[in-house]
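Chemist: I'll drop the sequence and a predicted model, then ask my questions.
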2 protein chains.
Amino acid sequence: MNKEFLIQVHNRVKPYIHKTPVLSSQLINEITGCSVFFKCENFQKMGAFKMRGAANAILNLSEVDRKKGVVTHSSGNFAQALSLAANKIGIEAYIVMPENAPQVKKNAVKGYKGHIIESESTATAREQMAEKVKKETGATFIHPSNNDDVIHGQGTAAIELLDEHPELDYIFTPVGGGGLIAGTALAAKYFSNNCKVVGGEPKNADDAYRSLKAGKIQLNNNGATTIADGLRTFLGDRNFPIIKEHVNSIIRVEEHEIIEAMKLIWERMKIVIEPSSAVAFAALIKDKEDYKNKSVGIIISGGNVDVTNLPF
Amino acid sequence: MNKEFLIQVHNRVKPYIHKTPVLSSQLINEITGCSVFFKCENFQKMGAFKMRGAANAILNLSEVDRKKGVVTHSSGNFAQALSLAANKIGIEAYIVMPENAPQVKKNAVKGYKGHIIESESTATAREQMAEKVKKETGATFIHPSNNDDVIHGQGTAAIELLDEHPELDYIFTPVGGGGLIAGTALAAKYFSNNCKVVGGEPKNADDAYRSLKAGKIQLNNNGATTIADGLRTFLGDRNFPIIKEHVNSIIRVEEHEIIEAMKLIWERMKIVIEPSSAVAFAALIKDKEDYKNKSVGIIISGGNVDVTNLPF
C-alpha cells in the first residue's frame, strides 16, 4: 500500500462516480468554533459514498469473473451501489435482502437492475443465501465493508476532500461496518501531512468504540436500535487492523444528538442527509471544545432517507 | 445597459455572495427528457438569491446615504437579505414587517441585526410605515423587486450559470415580484447567444401571466393562497417592461404540481428547497414536451423552509 496505489484506485473509479462538492457555512463554523468542510457524498450517484467501493471492487475483477457477476447481502446503500455499479460496468448483481426489507429499498435495487434474492433476516441466513447464490452462479461475493477493494474505493472521497482542503487537521466519518473510516484513514495517511481521522458512532450501536477499547472486534446486541440504522453493522478482519492503527478516536452520540445534528444540517446547509450522515457531525458538536479553531472535514455519507417520514 | 455594466454589478457583489454550485442528475434528465442544470441559490448566503440584489442596491448608495441606512417592507427572504447585506457592509437596515409575521422570520431578521418595525399587514399600511421610517431616519427605501439595482443584482445568478453552461437553450425562474426573472432576462440577453427565459408561476397567483397577456400590470386577489407564498407579490413599473420585452413565456402550475416537483428535487437532488423554488421546475415538467433534448437551466431561488412542516 502506498500513495501511488490509491491514486490508481481513484483513477479507476473516476468514470463511475461524481466528484462531489464540498460545502461550508459560516453559521455552522460559528456554532462549532472551527472551520467545517462537508464532503457531500449525498450527491454521489445512487446517493451515497458506497458507489465508490462497489465500483472499485467490480473493476478489480478479471474479465472471466466479471462475466459471472457479483453477489452481496445488504438491505442498505451498498445493495443499491453494487447494483448500479454492476449495471454501469455491464455485469449482473445478485443482492440478498431480508424478506422484510422495506419495499422502497427493494424497488431502488430493481431500479438499478439488481436481482433480489430474499432470505430470512438473520445474519446467518443472509450469509448462507449469499453462499448459495455464489455456488449456483459463480458470482464473486463482495462484502459491503470488509473487503480491501471496497475499503480502498471508499477512501477516494477523502482523497478528493484533501485535494481541495490540504489544510485539514481532522476528518470525521460515521462508523458502521468500517469500510468508510478505514478507507478514509488510509487516504489521510498518504494524502495529508498529519490529518487525523475521527469516527462518530451511535451510543446505541457502539461496537467500534468497544472494539478499539478491547483490542478485538466486538458486536452489537441483536436488539440494538438507532435512527442511524445503517451503522448497526460491525467491523471485520480486513478493516479493523487499519482502524486500530490509524484512527485517532471514536466519539459516541445519543439519538437526540443525531436528530439535532441532522436537523441543523438540513436547515443550515440546505441539504438532504440521512441520519447516519449526521452522526459524524453530531460527534464534532459533542466534543467541539477539543477542535477549537481547527479545520475539520466531515464526510456526509449519504442522503437516502424517506422525506415523508422525518424524525423532526 | 450593456454587458460591461452587468460585469461591474457582478464584480461589485462578488465579495458579499457565494458563487453557488450547479447540480445535475441523470434521473432528473431522464424524467424531463432534457439536460437540466440547477443553479443552487438555496446555498446562497441567508439561503436565497435575494442576497445578490440587496448587496448591489446598498453598494450603489453614496457614502452619505449609506450612513443613514436602508429600509424595506418584506416578511420574506428580502427582509433577511437586506439585513445581512447591510450588516456585512456596516450600515443599518430597517425592516417593516406585518405584526402577524411568523416569529421564525422575525428571529431570522434579528439574527442578521436588522431593526424590525411592525405594521398592520395590508400593503398600504406597510408602505406608509416604510415611508414614515424613511422620513424619520433618512434611510433609503429599497424595494424587494421593483428597483433597478435589485434587478441587476439578481441577474448575477444567471451570469454565473451561463458562464458555466454557455450551451443553455433556456433558463427557468420562478416569478414573484419580478426581480429575479427580469435580472435573468437581462443576463441572458447580454451573456448568451440566444438563451430564452421562461417563468414558472403558481396558477393561484398568476398575475405575471395575466399581466403579459393584458400588456399591463395585473394584481392577484387579496385572498390568493399558494404554497409558494413568496410568489404572491406582483410586478412593478421597473421590471415589467424588461419582462415584457425579454421573457419568452410564463407557465402556470397547480399546487399539487408544485408539491410533487419539490418532493422530486428533495428526493433526487438531495437538496432542501422552498416551494417557490419548485415552481420553475414544475413548469418544466408540465411542458416538458416543448423542451425535449434542450439544455435547460433552472434557478433554485432559495431553501428557506420549515423542515418540521413539509407538504409531503
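Modeler: Perfect, thanks for sending it. Fair warning: this is a prediction, and the values are worked out from it, not measured in the lab.

Chemist: and the residue of the stretch 151-300 of chain A closest to chain B?
Modeler: Proximity to chain B, evaluated over the stretch 151-300 of chain A using C-beta to the nearest C-beta, is greatest for residue A:270 at 3.7 Å. For glycine as for every other residue, the C-beta is placed from the backbone atoms N, C-alpha and C.

Chemist: next, count neighbours for that residue.
Modeler: The number of residues packed near residue A:270 is 26, by other C-beta atoms under 10 Å in any protein chain shown.

Chemist: next: residue A:88.
Modeler: Counted by other C-beta under 10 Å, the residues lying close to residue A:88 total 18.

Chemist: hmm, it is touching residue A:16, no?
Modeler: Yes: contact criterion C-beta atoms under 8 Å: residue A:88 and residue A:16 qualify, at 5.6 Å.

Chemist: pull up the overlap in contacts between the two.
Modeler: Listed as contacting both residue A:88 and residue A:16 by C-beta atoms under 8 Å, 6 or more residues apart in numbering or on different chains are residue A:55.

Chemist: one step back: and the gap between the closest residue in space to the residue of the stretch 151-300 of chain A closest to chain B that isn't next to it in sequence and residue B:139?
Modeler: Counting by C-beta to C-beta, 6 or more residues apart in numbering or on different chains, residue B:303 is the residue found nearest to residue A:270 once chain neighbours are left out, at 3.7 Å. Distance, residue B:303 to residue B:139, by C-beta to C-beta, to the nearest Å: 29 Å.

Chemist: off-centre distance for the lowest-mean-pLDDT helix or strand in chain A?
Modeler: Lowest by mean pLDDT, DSSP states H and E among the helices and strands of chain A is helix A:103-111, with a mean of 92. Here helix A:103-111 is found 19 Å from its chain centre; the criterion is C-alpha atoms, centre = their mean, to the nearest Å.

Chemist: just checking: what are the partner strands of the helix or strand just after that helix?
Modeler: Per DSSP states H and E, the first helix or strand lying C-terminal to helix A:103-111 is strand A:115-119. Sheet neighbours of strand A:115-119, with direction, are listed as strand A:93-98 (parallel) (DSSP bridges).

Chemist: now the angle from the strand it pairs with to helix A:103-111?
Modeler: Put simply, strand A:93-98 runs at 170 degrees to helix A:103-111, going by axes from the mean of the first three to the mean of the last three C-alpha atoms, to 10 degrees.

Chemist: quick one: mean pLDDT for strand A:93-98?
Modeler: The predicted model gives strand A:93-98 an average pLDDT of 97.

Chemist: cool, and stretch A:2-10?
Modeler: 97.

Chemist: now the strands for the stretch 151-300 of chain A?
Modeler: Secondary structure of the stretch 151-300 of chain A (DSSP state E, counting those that start in this stretch): strands at A:170-174, A:196-202, A:247-253, A:295-300.

Chemist: and what of the stretch 1-150 of chain A?
Modeler: A:22-23, A:35-40, A:70-73, A:93-98, A:115-119, A:140-141.

Chemist: if we go by neighbour counts, what in the fifth one is buried?
Modeler: Going back to what we said before, that points to strand A:115-119. A:115, A:116, A:117, A:119 (16 or more other C-beta atoms under 10 Å in any protein chain shown).

Chemist: how far off centre is that strand?
Modeler: 22 Å.

Chemist: same question for the first one.
Modeler: Relative to the chain's own centre, strand A:22-23 is displaced by 18 Å; criterion: C-alpha atoms, centre = their mean.
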